[in-house]
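Enquirer: Any chance you can model this:
(3 chains)
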Amino acid sequence: MVESKIFEGLNPAQRDAVRGYQGASLIIAGAGSGKTRVLTSRIAYMIEQGVEPQQILALTFTNKAAAQMRERITAMVGERSRFIRMGTFHSVFARILRENVDRIGYPQSFTIYEPSDCRNLIRQLLKEASLDEDKYKPAMILSRISQAKNNLLTPASYLANDSVLAEDRRMQIPQFAHVYDAYCKRCKQNGAMDFDDLLLQTNILLRDAPDVLARYQEQFKYVLVDEYQDTNYAQYVIIRRLSALHGNVCVVGDDAQSIYSFRGAKIENILTFRKDYPKAKTFKLEQNYRSTRTIVDAANSVIARNTRRLEKECFSEGDAGEKIRILRAYTDREEAEMVVKDLRDRIRTSGDAWNEAAILYRTNHQSLVMEDALRHKGIPYRIYKGSSFYDHKEIKDLLAYIRLIVNPLDDEAFRRIVNYPARGIGDTSVERIDGLARERGVSMWEAVDGLVEERVVSAVQKAIARKVMDFVRLIRELSQLRTEMGLYEAGHEIAIRSGILDAYKKENTPEAASALENIEELLNSMQLFNEQVEAQIRNGERDGSDRATLEEWLQTVMLTTDQDKADEEADPNGKVTLMTVHSAKGLEYKYVYIVGLEENLFPSQRAVETGGIEEERRLFYVALTRAKSVATLSYAETRFKWGSMEFSRPSCFLREIDTRHLDITLSSEEDEDMLPKQTRDRGASKPGGATALDELRRRFDYRFKQKANEEPLGKSRTLVTPSSISPTRQKLTAIVSPVLQSHTPVAESDYKEGDVVTHMKFGRGTIRNIEKLAADHKLTIEFDDYGTKTLLEKFAKLVKP
DNA sequence: CGGCCCCGCGTTTTT
DNA sequence: CGCGGGGCCG
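Expert: This next block holds a predicted model:
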């Protein structure tokens, strides 16, 4: 039998995974193992074998992944791919919900709450219940609600669950269950679902409407799931339910890359898949086509320390490549300079474009120092940040108009725009409308009628009632006009008649200009959406009477982030990419810098405290495996945290990399002590030869005495900048020395309590406290003009007057 | 009713 | 340090 072209260029393991599409399958796909290729080839092969595209349901986590997959499948099987039901969990089930939502008591025109709506609603409810926001922190309530929904705990089941209730009491939020209950009731009353509802309500629908379940079970003969390691319980149950009839469920993922537990992802789903589906076939994609052997082996040596793993042995058949270097810096600023210098040298000598390099960090704020350093050297960069466009106020406002037009029950939208732009309806009036709504158990929109019906109305109240009615009329008119004109035209009209466009046009600021641009972009997306729908109609994929609607566009917009369009800019040489490790998942760069490898940062303190070190290690694994040719790691020994200097110790992950893959540039005698310790106790020093301690002294001497000697004693103590360090010395810094920190004796401080000193910036001050630290003294100084500050003696540049 | 100031707080975030 | 929210004042 002639094998299909689909199999060309696939290795045996990949071929097996493509071919075995009947029944349940687990495809364990290591980093860079061609996962997407296998998944898309499998779908293409299924279609080639006669499976109807409509019978295939393929679920992803991002729109980008879905689009990419569809594109690749189209390349293999052509336009038939359009009929595959493929998209994100949220978008696919939002659509299914929309078609059946009457079965679970929501209006067909339900809108989707974005996180800030949810938070506002929670604040509202806390106020109504007279609960203290200091104890019931909205963010915490929100995440707990999210957790409950992800675990399919409805308010009713929550109230019946002693263990979660006990947990609430322990967390000092005994009333949480009632807040949760009120939240769900209010959402339903408002005809609104949050992101988590899209999964929870889908479960409720499939549970309570057996005919609906049966219909989709029959339709989706094949269910495929990408990034299975990141699915939560709600998603897990949906998958189980939908595939129960045919049993053709294929999940693809990598347990080693499960990094979203904080959002409810359950690594158990992939770990125990074979128990859930005992007849499942397992395929392992273990060959890494992305990275050098060094990188793959180094990553393996780290992840091997995790206990909760699926058995697999990833390997690369590429070059050994360069060893991994570790840059050690004294401060976060110096770290940035070293990284940027190294990066620049790398690009210059290789002739590669800037966009071959990425700087990855654990937390977003770490980008700031990196940006400074890049700007300073004039290197083009871009920050890949996960903000959606509805983070912008102007977008939220315009969307609120559209939401209210689509679904007048949406109180959060109502509240947001009833007086925006200002039309003389103040807080008091809004609260009155809200009061009426609560009293009658209806939405604010419906309660407005009550406002005018009120028997006793003063002149003022009459005036306000008139203003509110004007607003209501405006929304009604806008709602009317969307049936009369095209999508884009309606959107434009809404932007004008709401007054939003005017408000920004009047304001002659750069911010206003950017707001107008964003609005324009949003309107353009309507145009684009409309064109897409028109094309579908022309292709016969869609009924001619079924034109693009505002509802449909809105739903798409609410479930889209602008991640993918931030991709490439016109710059021929590209830009260096800066992003969090989380955002980097799925991406790859020739040169990867992982910065801030320090205890309490990466791994994060929280993770260590809550026993989440394994996930943190997976995160590091993800970071490392982004690199194609060269991975460079860095850490700083001190770092600015919330305005003050903090000491940091090298990350345990640095010590977990098999030293064979590290570039250690020290002489052998020093190696013994300077190497990351994998077995030895920290701080133990070897008899004879140079000890770690000696080395540390030498370095400090070098760094601080040298400078001090050049200048009049006691005048100032400057930190040596990387550029002033000799090349050989710089190599010296390229090692890990986790052993040293806490055992360094410190010379007495040059100061004593009560000393009066002068600081460059803060002026005159008095030393109030001196705290002895590992390698320095922490001075608490009360400045005459700047209040009390904590400074490090080494860096403070103090002068005795 | 809106603007300004001060206080508190501060992982990661595909939807 | 930098942002957002709430409170207070004009």
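Enquirer: For A:E493, list the residues it contacts.
Expert: A:478, A:481, A:485 (CB atoms under 8 Å, 6 or more residues apart in numbering). (Glycine included, C-beta is placed from N, CA and C.)
Enquirer: DNA strand C contacts on the stretch 501-650 of chain A?
Expert: A:642-643 (CB under 7 Å from any atom of the strand).
Enquirer: cool, the stretch 51-200 of chain A as well?
Expert: So far as CB under 7 Å from any atom of the strand goes, the stretch 51-200 of chain A lies against DNA strand C at A:116, A:119, A:123, A:133.
Enquirer: Distance-wise, check the closest residue to DNA strand B within chain A relative to DNA strand C.
Expert: Scanning chain A for proximity to DNA strand B using CB to the nearest atom of the strand identifies A:G426 as nearest, at 0.5 Å. Distance from A:G426 to DNA strand C, counting by CB to the nearest atom of the strand, to the nearest Å: 11 Å.
Enquirer: Just give me the neighbour total for that residue.
Expert: 12 (other CB atoms under 10 Å).
Enquirer: residues touching it, list them.
Expert: A:N419.
Enquirer: likewise A:V101?
Expert: Here A:V101 is in contact with A:107-108, A:110, A:201, A:205 (criterion: CB under 8 Å, 6+ apart).
Enquirer: what do you get if the cut-off is 10 Å, keeping everything else the same?
Expert: When contacts are counted by CB atoms under 10 Å, 6 or more residues apart in numbering, A:V101 touches A:94, A:107-110, A:191, A:193, A:201, A:205.
Enquirer: Same question for A:I84.
Expert: A:I84 neighbours (CB under 10 Å, 6+ apart): A:43, A:46-47, A:51-58, A:66, A:69-70, A:73-74, A:77, A:222, A:224.
Enquirer: do the same with A:I145
Expert: Contacts of A:I145 by CB under 10 Å, 6+ apart are A:118, A:122, A:153, A:155, A:158, A:176, A:179-180, A:183-184, A:194, A:196.
Enquirer: What is the subsequent helix or strand relative to whichever strand or helix holds A:D16?
Expert: Using DSSP states H and E, A:D16 falls within helix A:12-19. Proceeding N to C from helix A:12-19, the next assigned helix or strand is strand A:25-29, under DSSP H and E.
Enquirer: Looking at the contacts of A:I145, which are in helices?
Expert: The helices, defined by DSSP state H, take in A:118, A:122, A:155, A:158, A:176, A:179-180, A:183-184, A:196 from the contacts of A:I145.
Enquirer: from those residues, which would you call buried?
Expert: A:118, A:122, A:155, A:158, A:176, A:179-180, A:183-184, A:196 (16 or more other CB atoms under 10 Å).
Enquirer: okay, the ones in helices among the contacts of A:I145 in JSON lines with pLDDT next?
Expert: Shown next, in JSON lines, are the ones in helices among the contacts of A:I145 (pLDDT from 0 to 100):
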{"residue": "A:C118", "pLDDT": "90"}
{"residue": "A:I122", "pLDDT": "90"}
{"residue": "A:P155", "pLDDT": "96"}
{"residue": "A:Y158", "pLDDT": "96"}
{"residue": "A:F176", "pLDDT": "93"}
{"residue": "A:V179", "pLDDT": "93"}
{"residue": "A:Y180", "pLDDT": "95"}
{"residue": "A:Y183", "pLDDT": "94"}
{"residue": "A:C184", "pLDDT": "95"}
{"residue": "A:D196", "pLDDT": "95"}
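Enquirer: tell me the two of the residues you listed that are most distant?
Expert: A:C118 and A:Y158 (17.0 Å; CB to CB).
Enquirer: on that earlier part again, can you pick the most crowded of the contacts of A:E493?
Expert: Neighbour max across the contacts of A:E493 (other CB under 10 Å) = A:L478, 19 neighbours.
Enquirer: Just the pLDDT for it.
Expert: Per-residue pLDDT puts A:L478 at 94.
Enquirer: now do A:G441
Expert: Value for A:G441, per-residue pLDDT: 89.
Enquirer: Correct me if wrong: it contacts A:K185.
Expert: Yes - look at A:G441 against A:K185 with CB atoms under 10 Å: they come within range, at 9.4 Å.
Enquirer: neighbour-wise, which of these two wins?
Expert: Just comparing A:G441 and A:K185: by other CB under 10 Å the higher neighbour count belongs to A:K185, 13 against 10.
Enquirer: for the more buried one, what are its contacts?
Expert: A:125, A:155, A:441.
Enquirer: Are we agreed that A:A44 is in a helix?
Expert: Yes - with DSSP: H, G, I helix; E, B strand; the rest coil as the criterion, A:A44 is part of a helix.
Enquirer: Might you quantify the distance of stretch A:530-547 from its chain's geometric centre?
Expert: Relative to the chain's own centre, stretch A:530-547 is displaced by 34 Å; criterion: CA atoms, centre = their mean, to the nearest Å.
Enquirer: buried ones in that stretch?
Expert: Buried, per 16+ other CB under 10 Å, within stretch A:530-547: A:530, A:533, A:537, A:542.
Enquirer: On the three-state scheme, the second one is what?
Expert: Under three-state DSSP, the three-state class of A:V533 is helix.
Enquirer: So what's the predicted local confidence for the closest residue in space to it that isn't next to it in sequence?
Expert: Excluding the flanking residues, the one nearest A:V533 by CB to CB, 6 or more residues apart in numbering is A:A548, at 3.8 Å. For A:A548, the pLDDT comes out at 92.
Enquirer: didn't A:A548 look like it was pressed against A:G491?
Expert: No - the pair A:A548 / A:G491 is not scored as a contact, 11.0 Å apart, by CB under 10 Å.
Enquirer: Which neighbours do these two have in common?
Expert: Shared contacts of A:A548 and A:G491, counting by CB under 10 Å, 6+ apart, come down to A:526-527, A:529-530.
Enquirer: If you count contacts, what does the helix holding A:D16 end up packed against?
Expert: In terms of contacts (3 or more CB pairs under 10 Å, 6 or more residues apart in numbering; DSSP states H and E), helix A:12-19 is packed against strand A:25-29, helix A:35-48, strand A:281-285, strand A:287-288.
Enquirer: Columns mean neighbour count and mean pLDDT on top of these, output as JSON lines?
Expert: Converted to JSON lines, those look like this (neighbours: other CB atoms under 10 Å; pLDDT from 0 to 100):
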{"stretch": "strand A:25-29", "mean neighbour count": "26", "mean pLDDT": "98"}
{"stretch": "helix A:35-48", "mean neighbour count": "22", "mean pLDDT": "97"}
{"stretch": "strand A:281-285", "mean neighbour count": "20", "mean pLDDT": "97"}
{"stretch": "strand A:287-288", "mean neighbour count": "22", "mean pLDDT": "97"}
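Enquirer: Tell me how many other residues surround the residue of chain A found nearest DNA strand C.
Expert: Ranked by CB to the nearest atom of the strand, the top residue of chain A for proximity to DNA strand C is A:G643, at 3.2 Å. Residues contacting A:G643 under the criterion other CB under 10 Å number 7.
Enquirer: just the one 5 residues further on next, same as before
Expert: For A:S648, the neighbour count with other CB under 10 Å is 19.
Enquirer: Repeat that for A:L200.
Expert: Using other CB under 10 Å: A:L200 sits among 25 other residues.
Enquirer: Against which helices or strands is the helix or strand containing A:S163 packed?
Expert: A:S163 belongs to helix A:162-170 when assigned by DSSP H and E. Applying 3+ CB pairs under 10 Å, 6+ apart, we find helix A:162-170 packed against helix A:138-150, helix A:155-159, helix A:176-189.
Enquirer: With distance to A:S316 added, can I get those in CSV?
Expert: As requested, the helices and strands packed on helix A:162-170 are exported to CSV (distance: least, CB to CB, whole Å):
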stretch, distance to A:S316
helix A:138-150, 36
helix A:155-159, 47
helix A:176-189, 48
